[in-house]
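[1] Coordinates only, no sequence provided:
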């Protein structure tokens, strides 16, 4: 007898956890003398109340989809890849090198090559920790954390050295060719007669992220490799006995994970900045961990969780203007509470629901 239906575990548990997190956040806001209902109103309005807000929300959502998918693929193999930040950083380098190498005539030609460059460098940065885990037993958490710092230091060296735009102080490259400009939501919707803010960075890479989510679903649940990854994650001993190579699964899972994290650069480096800059990831690699956990490592859940965190990210900026008594850190508190309730305290919600569903099943029988 199942303790709880799958839909309840995937949908109901996260929703209740989010509600509890917002109740806890509301109590914190109330404690500092502010109205929690005003906070929610201004956050929702700032994120979804205008085309400008929606554009920024989708921009952040795109980043979180890539890094959430990256974390989830590794997690299906029980590999806690905490190196998404460094892998995304190196993905930015890969995309920049490709885009600066050729005077691209059109974005449709530049985009596939930029994706390959970003994914390859991101995967390469994940390959060394994967090898150390598979062959030397080095813990993947430790090695990926350290590679975040190495990647950041390497990027500082490059952007203050051979890749730095001549004649300026900022650590950044020259602007990419005009042909590499990705269509924004404003440019895509204008021919349809739909007005959308020109100031938002949301671009066509949002749809690339959705395609990536669909491909990850195909990989994990509809391919032999995906079955091997899930089997290895459930039981390394049993999968090895069945002939599944632990080394192969570990390395391939991390390569795919690193490649997905690297693709964040398509949205930020190619789509928004149109040049390589320092710290362009803005913590999205770490946020992907929360997105993956909240989305139960399923692409549909990850897309929804990424949208939620994108909404919180953009809505938080509205609070700075409308409610000066609430600082930017308050948004981080809300995000942290959501992570705590959907991650560390998930069983706080799941166990009572399991008892309720078991009681309902007994009554039905």
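    Right, received. Where do you want to start? Note that the coordinates shown come from a computational prediction; the quantities given were computed from them, not determined experimentally.
[2] which residue ranges form the strands in the chain?
    Taking DSSP state E to define them, one finds no strands in the chain.
[3] Contact partners for residue 176?
    Taking CB atoms under 8 Å, 6 or more residues apart in numbering, we find residue 176 in contact with 96, 99, 100, 104, 270, 274, 275. From N, CA and C alone the C-beta is placed, and that goes for glycine too.
[4] and what of residue 58?
    Contact partners of residue 58, counting by CB under 8 Å, 6+ apart, are 185, 200, 202, 206, 310.
[5] what separates it from residue 281, distance-wise?
    Separation of residue 58 from residue 281 (CB to CB, to the nearest Å) stands at 18 Å.
[6] Check residue 117 too.
    Noted for residue 117: a distance of 16 Å to residue 281, by CB to CB.
[7] And the helix or strand of the chain with the lowest mean pLDDT, how far out from the chain middle?
    Lowest by mean pLDDT, DSSP states H and E among the helices and strands of the chain is helix 6-7, with a mean of 75. Taking CA atoms, centre = their mean, to the nearest Å, the mean C-alpha location of helix 6-7 is offset from the chain mean by 23 Å.
[8] and it, what other elements does it pack with?
    Counting contacts by 3 or more CB pairs under 8 Å, 6 or more residues apart in numbering; DSSP states H and E, helix 6-7 packs against no other helix or strand.
[9] what residues does it touch?
    Residues outside helix 6-7 that contact it (CB under 8 Å, 6+ apart): none.
[10] Spit out the contact partners of residue 38.
    Contacts for residue 38 were tallied using CB under 8 Å, 6+ apart; they are 322, 323.
[11] any idea how far it lies from residue 316?
    In this structure, residue 38 and residue 316 are 14 Å apart, going by CB to CB.
[12] so where's this structure shaky on pLDDT?
    Across the chain, the ranges flagged by pLDDT under 70 are 1-2.
[13] which residues in the stretch 201-350 of the chain form helices?
    Using DSSP state H, counting those that start in this stretch, the helices of the stretch 201-350 of the chain run over 205-222, 224-234, 236-241, 246-262, 264-265, 284-294, 299-322, 328-339, 346-364.
[14] how far out from the middle of the chain is the fifth one?
    Right, the one you point to is helix 264-265. 10 Å.
[15] Identify the residues contacting it?
    63, 66-67, 88, 91-92, 94-96, 114, 118, 122, 280-281, 284-285.
[16] switch to 10 Å and redo it
    For helix 264-265, contacts defined as CB atoms under 10 Å, 6 or more residues apart in numbering pick out 62-67, 70, 84-85, 87-96, 99, 114-115, 117-119, 121-122, 205, 209, 271, 273, 276, 280-282, 284-285, 288.
[17] Likewise for the last one?
    Identification of contacts with helix 346-364 by CB under 10 Å, 6+ apart yields 1-5, 8-9, 12-20, 293-294, 296, 340-342.
[18] Of residue 117 and residue 281, which one has the most company?
    Set residue 117 next to residue 281 and count neighbours by other CB atoms under 10 Å: residue 281 wins out with 29 against 24.
[19] Now do the residue lying closest to that one once chain neighbours are set aside: how many residues are near it, please.
    Residue nearest to residue 281 in three dimensions, not counting chain neighbours: residue 88, with 4.7 Å by CB to CB, 6 or more residues apart in numbering. Other residues within reach of residue 88, judged by other CB under 10 Å, total 34.
[20] Residue 88 contacts residue 280, doesn't it?
    Yes - at 8.3 Å, residue 88 and residue 280 qualify as touching, with contact defined as CB atoms under 10 Å.
[21] okay, and the common contacts of those two?
    Listed as contacting both residue 88 and residue 280 by CB under 10 Å, 6+ apart are 63, 264, 265, 268, 269.
[22] Tell me which two of those residues sit farthest apart.
    Spatial extent of those (CB to CB) is set by the pair 63 and 269 at 11.2 Å.
[23] Of those two, which one has the most company?
    residue 63 (32 against 27).
[24] Next one: the more buried one from residue 132, what distance?
    Look at residue 63 and residue 132: by CB to CB, they are 27 Å apart.
[25] Residue 248 now?
    Distance of residue 248 to residue 132, given as CB to CB: 15 Å.
[26] Between the two, which is the more surrounded one?
    Applying other CB under 10 Å to residue 248 and residue 132 shows that residue 132 carries more neighbours, namely 18 against 14.
[27] hang on, isn't that one packed against residue 79?
    No - taking CB under 10 Å as the definition, residue 132 is not a contact partner of residue 79, at 11.9 Å.
[28] any residues in contact with both of the two?
    Contact criterion CB under 10 Å, 6+ apart; residues shared by residue 132 and residue 79: 140, 144, 250.
[29] Tell me the one of those residues nearest residue 321?
    The shortest approach to residue 321 among the shared contacts of residue 132 and residue 79 belongs to residue 144, at 37.2 Å (CB to CB).
[30] surely that closest one meets residue 83?
    Yes - with contact defined as CB under 10 Å, residue 144 and residue 83 form a contacting pair (2.9 Å).
[31] Compute the number of surrounding residues for residue 271.
    Other residues near residue 271 number 27, with proximity taken as other CB under 10 Å.
[32] My error: substitute residue 362 in the last question.
    For residue 362, the count of nearby residues is 9 (other CB under 10 Å).
[33] Then residue 301?
    21.
[34] can you check residue 297 too?
    Neighbours of residue 297 (other CB under 10 Å): 21.
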